[in-house]
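> Give me the fold of what follows.
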Amino acid sequence: MQNYQDKYLKDQVELIAQSQSNGKLVVTETDNGRYPLPAITDLPGVRAGRFGGFELDGVPFRRFPVPTVWDIQAVKFPNVEVVPLQLVSVHAHEAGLLVTTAAGTQFALDECWTAGEGVYDFLARVNRRLAADKALGAVAWEVTWADDYQHPHSLSLATEHISVVCSSAVWDAENRQLVAATLVSPNTQSLRAITATLATNSKRGLTLSVDGSSHYLQNARRGYTAVSGNLSASGAEGNLLTIVHPLAGNPQDQPADHFYALTPKGQNLAVVFIERLALAIPWPTRPEWTGYLMEAGSEKELIRHLETSGPDFTSALCVQKNEAGWKAVIETGLTDGKIHIATKI
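Predicted coordinates for the structure are as follows:
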């Protein structure tokens with residue numbers, strides 16, 4: 001059994017549920033599909049606060065420690081039902097999803113993991129579906145799937161002279177870059193040929209085909225890192241080659257204005273992100289800031305989730321090295337109390 005867990009989302013939902021149990025009505029600024037909560041714009045009598053935020057009859061809403069979320073005493077809105085949020089896990093299979101609540105209740109959902117969809121994007125899509133049922137109040141934080149489960153995908157990578165099958169790939173559509181790929185072939189000759197092409201023809205383009213859709217990408221100017229292997233461990237015959245873009249390495253070694261945070265199966269994206277960011281910018285960072293920096297960085301367009309297909313890479317990010325942008329994010333987090341610098345006693 002394999003799984004993916006969004007522990008940052010889990011922590012957020014638990015904070016919201018605790019506030020609800022303490023008699024608070026928790027709402028979102030807009031109905032963005034992330035949480036099955038009322039939207040503040042749908043509440044009667046709410047207006048913009050005199051000093052920012054929102055208020056009801058002069059009583060301000062409290063800015064919640066979860067981005068875009070606010071709360072107020074539930075007695076202020078006696079006609080609005082408070083539905084406690086509950087964490088659920090989802091199990092993906094060929095026919096759809098099996099949702100399991102913390103109480104052990106199960107129900108089916110007709111959402112399928114589509115070809116080329118990363119697990120992060122899949123979980124976000126499932127939560128948008130669940131958020132539509134506010135009476136249920138469910139938020140999925142974990143996805144599981146059987147070891148032999150494969151959501152359908154057809155992948156191949158081609159240069160001007162040769163084409164090989166891929167079991168997995170990650171690509172940056174905006175910058176037209178192949179970030180990583182696992183190439184599979186019954187013989188080593190084709191793998192050697194495409195490796196030589198990638199190494200010596202940096203100006204030549206690549207074509208990545210995903211389930212019939214073609215993505216025209218550029219070769220990495222500084223070449224790819226390549227690691228070869230075989231399929232004997234899985235009981236199959238053949239050879240494989242994993243290639244990784246140089247910008248997925250140490251950001252200090254590359255002059256580009258961005259880097260890639262890439263997580264092969266079994267690694268944690270948040271850990272890779274914060275380690276790489278610490279190397280890329282001059283401002284101090286702390287591991288406990290990771291969740292905030294990922295969310296705030298995404299909102300400020302300093303982070304983009306990349307497209308992935310196949311089981312070998314669970315997720316990937318394109319992260320800007322924008323020093324001024326990250327400085328503003330960190331300063332805002334410290335000012336708003338979303339992150340803290342520990343002081344010695």
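> those helices in the stretch 201-345 of the chain, which residues are they?
269-280, 290-299, 323-335 (DSSP state H, counting those that start in this stretch).
> Convert the longest one to PDB, retaining C-alpha atoms only.
Extracted in PDB, the C-alpha atoms of helix 323-335 (Å, rounded to 0.1, in the frame of the first residue of the first chain):
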ATOM      1  CA  GLU A 323      15.100  37.700  -2.800                       C
ATOM      2  CA  ALA A 324      12.800  40.700  -2.400                       C
ATOM      3  CA  GLY A 325       9.700  38.600  -2.800                       C
ATOM      4  CA  TRP A 326      10.800  36.000  -0.200                       C
ATOM      5  CA  LYS A 327      11.900  38.800   2.200                       C
ATOM      6  CA  ALA A 328       8.400  40.300   2.000                       C
ATOM      7  CA  VAL A 329       6.800  37.000   2.600                       C
ATOM      8  CA  ILE A 330       8.900  36.300   5.700                       C
ATOM      9  CA  GLU A 331       8.500  39.800   7.100                       C
ATOM     10  CA  THR A 332       4.700  39.600   6.600                       C
ATOM     11  CA  GLY A 333       4.600  36.200   8.300                       C
ATOM     12  CA  LEU A 334       6.600  37.600  11.300                       C
ATOM     13  CA  THR A 335       4.400  40.700  11.600                       C
END
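> Contacts for it next, please.
277, 281-283, 285, 289, 292-293, 296-297, 300, 302, 338-341 (C-beta atoms under 8 Å, 6 or more residues apart in numbering). In short, each C-beta sits where N, CA and C put it, glycine included.
> Going by distance to A173, which of those wins?
L302 (17.6 Å; C-beta to C-beta).
> can you tell me how far the closest one sits from D6?
For L302, the distance to D6 equals 20 Å [C-beta to C-beta, to the nearest Å].
> and what of V13?
V13 is 10 Å from D6, by C-beta to C-beta.
> and if you look at L157?
30 Å.
> count of neighbours near S315?
22 (other C-beta atoms under 10 Å).
> Can you verify my assumption that it contacts A124?
No - counting by C-beta atoms under 8 Å, S315 sits too far from A124 to count as a contact (11.2 Å).
> coming back round to it: which of the contacts of helix 323-335 count as buried?
L277, I281, T285, W289, Y292, L293, A296, G297, L302, K338, I339 (16 or more other C-beta atoms under 10 Å).
> could you dump those to TSV with distance to H161 and pLDDT?
As requested, the buried ones among the contacts of helix 323-335 are exported to TSV (distance: C-beta to C-beta, whole Å; pLDDT from 0 to 100):
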residue	distance to H161	pLDDT
L277	38	96
I281	41	95
T285	44	92
W289	47	94
Y292	47	94
L293	43	95
A296	45	93
G297	40	94
L302	38	96
K338	52	90
I339	51	89
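> I'd like the distance between F64 and V26.
From F64 to V26 the distance is 7 Å (C-beta to C-beta).
> Let me see the ranges of the strands in the stretch 151-300 of the chain.
155-158, 163-172, 177-185, 205-210, 213-218, 225-230, 239-244, 258-264 (DSSP state E, counting those that start in this stretch).
> Quick check: neighbours of the longest one in the sheet, parallel or antiparallel?
When you say that, I think you mean strand 163-172. strand 155-158 (antiparallel), strand 177-185 (antiparallel), strand 307-309 (antiparallel) (DSSP bridges).
> What lies in contact with the second one?
Same thing as strand 177-185. 155, 157, 164-172, 191, 194, 206, 208, 217-220, 231, 238-245, 247-248, 260, 262, 306, 310, 312-313, 316.
> swap in the first one?
The list of residues contacting strand 155-158 from outside it, by C-beta under 8 Å, 6+ apart, reads 163-169, 178, 181, 183, 194, 206-211, 309-310.
> domain ranges for the protein?
In terms of domains, the chain is parsed into 1-148, 155-331 (source: automatic domain parsing).
> And the residue nearest to S209 when sequence neighbours are not counted, how far from E174?
Closest residue to S209 apart from its sequence neighbours, by C-beta to C-beta, 6 or more residues apart in numbering: S156 at 4.8 Å. To E174, S156 is 22 Å away according to C-beta to C-beta.
> more neighbours, those two?
S156 (17 against 10).
> Against T182, how distant is that one?
On the measure of C-beta to C-beta, S156 and T182 end up 12 Å apart.
> S89 now?
Taking C-beta to C-beta, one finds S89 at 28 Å from T182.
> of these two, who's got more company?
T182 (24 against 16).
> For that one, list each beta-bridge partner.
S168, T242.
> mind listing what V99 touches?
Going by C-beta under 8 Å, 6+ apart, V99 touches V88, S89, V90, Q106, F107, A108, L109, L130, A138, A140.
> Show me those residues that map onto strands.
V88, S89, V90, Q106, F107, A108, L109, A138, A140 (DSSP state E).
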